[in-house]
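Student: could you look at this predicted model? Sequence included:
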Amino acid sequence: MSIEIEFIQEYEPELSEELLALLRQVLEEAARTEEVEGELTVTFVDNERIHELNREYRGIDRPTDVLSFAMNEEGEEEMEIFLDEEMDDMPNMLGDVIISIPKAQEQAKEYGHSFEREMGFLAVHGFLHLNGYDHETEAEEREMFGRQEEILNRVRLTRE
């Protein structure tokens, strides 16, 4: 499975190349596990920006840790009208994952694990949302969080 990942750093200071390589490894493992090919963008922001996005798109007036904006939402029949054989060569645009760096730092301390572990968790969490997972019910939460742990364990990004 092949996945193209673009990292956009809107947060200062920028994340290290080592952390970006780790996040790439985590997301590549998530794509293999889910048997998904495509492209996604991961943007790193501050609490003010994610608060703004959370308010605008979810109607929740507070910062959050991660937001996902899927490009391939189920039920978008109108897009199927435009799909034909020529579009088979087009990349599968999975969507965008937005991560708040200050929120990730805060949660890493709160949960007593590394910043790297928290960033990996948030990246996988966002990726799984792009691929139809949710945690609205207990059963959905068990499935999604179980899948996250499976992926993180495979790249040895375990809880400390």
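Tutor: Okay, I see it.

Student: next, count neighbours for the residue nearest to residue 60 when sequence neighbours are not counted.
Tutor: Spatial nearest neighbour of residue 60, chain neighbours left out: residue 54 (4.9 Å); criterion: C-beta to C-beta, 6 or more residues apart in numbering. Where C-beta positions appear, they are placed from N, C-alpha and C, glycine not excepted. Applying other C-beta atoms under 10 Å, we find 20 residues neighbouring residue 54.

Student: same thing with residue 33?
Tutor: 16.

Student: what's the answer for the one 3 residues further on, then?
Tutor: The number of residues packed around residue 36, counting by other C-beta under 10 Å, is 18.

Student: check contacts around it.
Tutor: Counting by C-beta atoms under 8 Å, 6 or more residues apart in numbering, residue 36 touches 1, 3, 30, 92, 94, 131.

Student: now, these that are in strands?
Tutor: Counted as lying in strands by DSSP state E, out of the contacts of residue 36, are 3, 94.

Student: can you list the contacts of residue 36 in JSON lines and add distance to residue 42 and pLDDT?
Tutor: Putting the contacts of residue 36 into JSON lines (distance: C-beta to C-beta, whole Å; pLDDT from 0 to 100) gives the following:
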{"residue": "1", "distance to residue 42": "17", "pLDDT": "60"}
{"residue": "3", "distance to residue 42": "11", "pLDDT": "94"}
{"residue": "30", "distance to residue 42": "12", "pLDDT": "97"}
{"residue": "92", "distance to residue 42": "16", "pLDDT": "85"}
{"residue": "94", "distance to residue 42": "11", "pLDDT": "94"}
{"residue": "131", "distance to residue 42": "14", "pLDDT": "94"}
